[in-house]
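K.L.:
show me how the following folds:
(one chain, ligands or ions: 2)
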Amino acid sequence: MDALIVIDVQNDFCPGGALAVTDGDAVVPRVNAMLEEFPVRVLTQDWHPANHLSFAENHAMEPYGTIQMPYGPQVLWPAHCVQGTNGAAFHPGLATDKADLILRKGFRAAIDSYSAFYENDQKTSTGLEAYLRARGVSSVTLVGLATDFCVAWSALDAVGLGFDVTVRMDACRAIDLNGSLAAACEKMRAAGVVLED
Ligand code: VGL
Ligand code: ZN
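P.N.:
Ligands and ions are numbered 1, 2, ... in the order given. Model prediction:
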């Protein structure tokens, strides 16, 4: 069984949003078309409390620097996807009715969660693996925002868990912070993720 996992197609990652990804909204029609084709369909939603540790303002620092957290380095972001705000809502054009499951992540103040499978400590499970196994899923296709953070981390976790993993690059857009897109693609390829256009 093949699952489509749509990562974080939310207002704050689209043009005009708090952590806008260039051309982020361009993925919406492609993702909508793909939502028609898969038997198992999951949307993820980045969903942070206002006091989240990944927000630069909560450290009185500028965005895009890196700090050390107990679980490793953490990039500081502009405040984004705050629970219940319009920025955290899905892009209004996304065909959310097609989703079987909406999985929220990043809701613990003291730990970020880029991946749909594990939080950034690489230990705390989101529950998605068990859900997919229970539905008989063995392969996953990933799309959404952003290619070099939440999509890549999800893809790497998924291969590590033994799923066959494809990332459809034409239905993703990247933040590309200091070469992070090239680095993420290299890592994904090396791990056995199929990058498809
Ligand atoms: C993301 C940075 C912070 C993403 C989420 O969806 O790629 N990036 N939170
Ligand atoms: Zn986030």
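K.L.:
could you give the backbone dihedrals for the residue located most distally from the centre of the chain?
P.N.:
Relative to the C-alpha centroid of the chain, counting by C-alpha atoms, centre = their mean, residue 60 is the outermost residue, at 25.5 Å. When read as degrees, to the nearest 10, the backbone of residue 60 gives phi 50, psi 40.
K.L.:
cool, residue 190 as well?
P.N.:
Taking degrees, to the nearest 10 as the convention, residue 190 sits at phi -60, psi -30.
K.L.:
quick revisit: if I pick the residue farthest from the centre of the chain, what's in contact with it?
P.N.:
Contact analysis of residue 60 by C-beta atoms under 8 Å, 6 or more residues apart in numbering lists nothing. Quick note: C-beta positions are derived from backbone N, CA and C, even for glycine.
K.L.:
ranges for the helices of this protein?
P.N.:
In the chain, the segments counted as helices under DSSP state H are 27-35, 128-134, 152-160, 180-191.
K.L.:
and of these, who's closest to ligand 1?
P.N.:
Ligand 1 lies closest to helix 152-160 among the helices of the chain, at 8.0 Å (C-beta to the nearest ligand atom).
K.L.:
hmm, residue 9 and residue 88 touching each other?
P.N.:
No: shown here, residue 88 and residue 9 do not form a contact pair, counting by C-beta atoms under 8 Å, at 11.7 Å.
K.L.:
now for the closest residue to residue 35 other than its chain neighbours, how many residues are close by?
P.N.:
Leaving aside its sequence neighbours, residue 35 sits nearest to residue 98 (C-beta to C-beta, 6 or more residues apart in numbering; 4.1 Å). When neighbours are counted by other C-beta atoms under 10 Å, residue 98 registers 16.
K.L.:
who's in contact with residue 98?
P.N.:
Counting by C-beta under 8 Å, 6+ apart, residue 98 makes contact with 32, 35-36, 41.
K.L.:
repeat that for residue 27.
P.N.:
For residue 27, the contact set (C-beta under 8 Å, 6+ apart) comprises 9, 143-145, 171-173.
K.L.:
and residue 141, by the same measure?
P.N.:
2-5, 34, 38, 165-168.
K.L.:
run through the bridge partners of it.
P.N.:
residue 4, residue 166 (DSSP bridges).
K.L.:
state the distance from it to residue 35.
P.N.:
For residue 141, the distance to residue 35 equals 11 Å [C-beta to C-beta, to the nearest Å].
K.L.:
quick check, pLDDT for the spatially most central residue of the chain.
P.N.:
Most central in the chain under C-alpha atoms, centre = their mean is residue 150, positioned 3.1 Å from the mean C-alpha point. Residue 150 is assigned 98 on the pLDDT scale.
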